[in-house]
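> dropping the sequence and predicted coords here.
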Amino acid sequence: PARGGGRRGDRLQRPAGVLLQLRGHRGGPGRPPGWTILSTLPGQSYGTLSGTSMACPHVSGIAALLYSLGIPQASPALYRELLLQSVDPVASLSSVVLTGGRANARRALQAAMQHLWLAPLAADREGVVAPHHSRQVSLLLNATALFAGTYRAGLDITHNVPGREPLRVSVALTVTGRPELTATPSSYTFPTTLTGACVSQQVVLANPGTDRLQISSIRLSTGGQFSYTGPSSATVSPASSLAVQVSFCPTSSVVQTATLLVESDASNWPVANLYFMGSAFDVPLSASRLDAVVAPSLPFSALNFTVRNANGVPVRLAYNLTDHQANYTWTEASWAEYDWVEIATAPTVDRRSMNDDDYLAVTLPFPFPLYQGAYTEMTVSSNGFVCFADRADGASNANVPLPSPGSPNAMIAALWTDLNPAASSDAHVLLLLEADRAVVQWDQVPLYNQGYSVTPTPNTFQIVMYPSGDFRVQYKTLDLNHVNGNILRSGRQWPTAGVEDATGTKGHTQSAAFTESTATVYRRRPWMTMQVSLLSAAPAAAAAATSANGGTSVVEIPPGQSALFVLTASDSPNDRGVKSAVVCLWGADASSLSGIIRVPVQATYADSLEPHLSASASALGFSVTYPYRQYSVAEAVFSNTGAQPLDIGPLAISGSTGGFLQMTNLAPNGTLRLAPFDRRAVTVRFGPLYNADTSAVLSGPTNDPLKPRVSVALTASSVGFTSAGARGLAPSMMGLLLVICLSLIFQPL
């Protein structure tokens, strides 16, 4: 089986078709091609393995099946084309394998049959024709596996006539096919669904016929609380299918029905009526979404909504608050937080040997939330970090401060630098994966030694991750001479420790020096929490139903009563912008109620309820510039941290302009419009015409009530020629050029 890791520069070439995977590219939701394939194992057993070794046998088996057909004069190139042309396209494989598809044995066989439709009868495969006689050759034309169309082939007749080439007889077969239609399912009853939720059912329209199926119309004959997602018309090739979707989104408890009408040229079913039915459990909400604007003049107040049970029986609703914008707080290099997890001797520890610039793919025992994402797999790098995306860059040894847009992203860096576990037989990476924590430990791993004046010594450190999204980075022993930059290889910076989200825009780099027997602890903090209570319940019972961020709880609502959902911001974040979360509700007993009700929650954190201007500087200075020969550039960055659009301008430069030119990011009339939390840089260029200190003012009106006018002072200097010398230079140079030209013209021939 293929290994999970790879050395620096060890990359698989792009496969010729459907055979191989590229390591680190995903072929589905979190899985590459050939992942967890059930197969036989040594010792008369079965098991799952992953990698190219498991993808290859499937394709080899199809090739053997094609070979068994005995296609006349078939070459290896023909079998290759049959494999490549018969794949099922898969979007996630488009950049992974050449065909962008998954092998399909049935379609490969159907394609091969096109090479078997013509054959002479057994009695006519060879024979003797007497002089002045003739013989009739009978051919078998088999169209049973052919689609509609015209097929052409040549029948070669070899003979013993001297000086004559074999005789070729052209044969053409025209097949008239029949399009057919099947629908799976042809009728469907949705499970009882919560009002305000949506459930969907996929319908597969297939063509098992032998000619193209032309579907002229697909539509819901009755709409109401049903909806259709898919094309209004389509062409379906033989042995192919089209998947469409019907959704049921009830708003009342009345039983609803709908018909999906499919009209086509199918010979068996030209007008297909597909029937759907749905019923609902009525739980009306007082609000379908919640919005708030938070500013210093308007602190956050709790948001709330109610859910009423409008039915005659109790209902048990599960609920949670999904917050995709949690941030981290951290405590750096703390002796008090240090709590080393001794996993080297644990009975369930997984001890791995790794090469230089190597990585491992690891399945986590729980979904690990990190910023916006939740991950079930991670890549462990030999170079002192784990990442949850960009697996192909899991071996990167070029550390940078975090956050950084470049890959790898969604990462935790403990000691990201160029480490080399292959340099020591004692160096390993240890894994301890438990239900309540996952520990990754780099054990006695030295730095890659490339010209250090002092030989690197081993480093032992670990990352401990918890299901809550909290994690700690702990350092037991460190090569302090190197990791703190006292002795550095030329061109490298000291190691990176920190965290980063999947976008590479949010994160943190540890600023404290690396110290032994310390820990840096990161705690994931939600920006919002939720409490749920029954409006008619006693205070003690009401307070019992509480949900923290991300956790799932259950509330039982008696008939005719309501539950109150109250959402409160944990604090006002330092960063301004829009924060969002979603309250999800669903039936606690999955077999009785279907669908998920989603209530979006959004809070806009601003410096003002009005437009609010923030400028990067009140004055800009320009570097010293030579007249006529250079210009220098400076930027004034304007930001809108208010809740309403900000209008600036028209901007103009006034005062002693002497070479100032207004530049980019302005409308033709000199104005600038910034949406809430948008920022824009206005570039000003200085190109002096003479030697002097120059000053001016960039200014203009705004619609910020507190800053009705923006003003940025501009100062610059130029050196070089005096103004008189500069003005006198041009005539002197012109005279010199004229003398040279005249002397050239009047030279004797």
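Received, thanks.
> in the stretch 501-650 of the chain, which ranges drop under the pLDDT threshold?
Scanning the stretch 501-650 of the chain for pLDDT under 70 picks out 536-551, 570-576, 590-591, 623-630.
> what about 90?
For the stretch 501-650 of the chain, the stretches flagged by pLDDT under 90 are 502-513, 524-531, 535-553, 567-581, 588-593, 602-609, 614-643, 649.
> and the helices in the stretch 451-600 of the chain, which stretches?
480-483, 539-544 (DSSP state H, counting those that start in this stretch).
> starting at the chain centroid, how far to stretch 198-208?
Distance of stretch 198-208 from the chain centroid (Cα atoms, centre = their mean, to the nearest Å) equals 27 Å.
> same deal with stretch 164-172?
On Cα atoms, centre = their mean, the centre of stretch 164-172 falls 57 Å from the chain's centre.
> so M54, which of the three states?
Using DSSP: H, G, I helix; E, B strand; the rest coil, the structure places M54 in helix.
> does it touch L38 like I think?
No. Counting by Cβ atoms under 8 Å, M54 stays clear of L38, with 9.2 Å between them. Just so you know, the C-beta spots here come from the backbone N, C-alpha and C atoms, and that holds for glycine as well.
> neighbour count winner among these two?
When M54 and L38 are compared for neighbours, M54 comes out ahead with 20 against 10, by other Cβ atoms under 10 Å.
> can you tell me the closest non-neighbouring residue to that one?
I37 (3.8 Å; Cβ to Cβ, 6 or more residues apart in numbering).
> go on, L41?
G47 (4.6 Å).
> equivalent analysis for T348, please.
In space, T348 is closest to L432, 6.6 Å off (Cβ to Cβ, 6+ apart).
> tell me the bridge partners for that neighbour.
V439 (DSSP bridges).
> for the residue lying closest to A692 once chain neighbours are set aside, give me the pLDDT.
Spatially, and ignoring its direct neighbours in sequence, A692 is nearest to S718 (6.4 Å; Cβ to Cβ, 6+ apart). Here the pLDDT value assigned to S718 is 74.
> hmm, S718 is touching Y631, no?
No. The pair S718 and Y631 does not pass the contact test of Cβ under 8 Å, sitting 10.0 Å apart.
> which one of the two has more residues nearby?
S718 (25 against 15).
> settle this for me: R685 is touching Y631, isn't it.
Yes. Between R685 and Y631 there is a contact at 5.3 Å, judged by Cβ under 8 Å.
> can you pull out the helices in the chain?
Applying DSSP state H to the chain gives helices spanning 52-67, 76-85, 105-113, 480-483, 539-544, 723-745.
> setting the sequence-adjacent residues aside, check what's closest to L78.
Nearest residue to L78, sequence neighbours excluded (Cβ to Cβ, 6+ apart): I71, at 7.0 Å.
> ok, now which ones touch that neighbour?
78, 112, 115-116 (Cβ atoms under 8 Å, 6 or more residues apart in numbering).
> tell me how far it lies from I597.
58 Å (Cβ to Cβ, to the nearest Å).
> please apply the same query to T182.
35 Å.
> of those two, which one has the most company?
Neighbours per residue, other Cβ under 10 Å: of T182 and I597, the larger number sits with I597, 21 against 16.
> these two touch, right, that one and F281?
No. I597 lies out of contact with F281 (Cβ under 8 Å); the separation is 10.9 Å.
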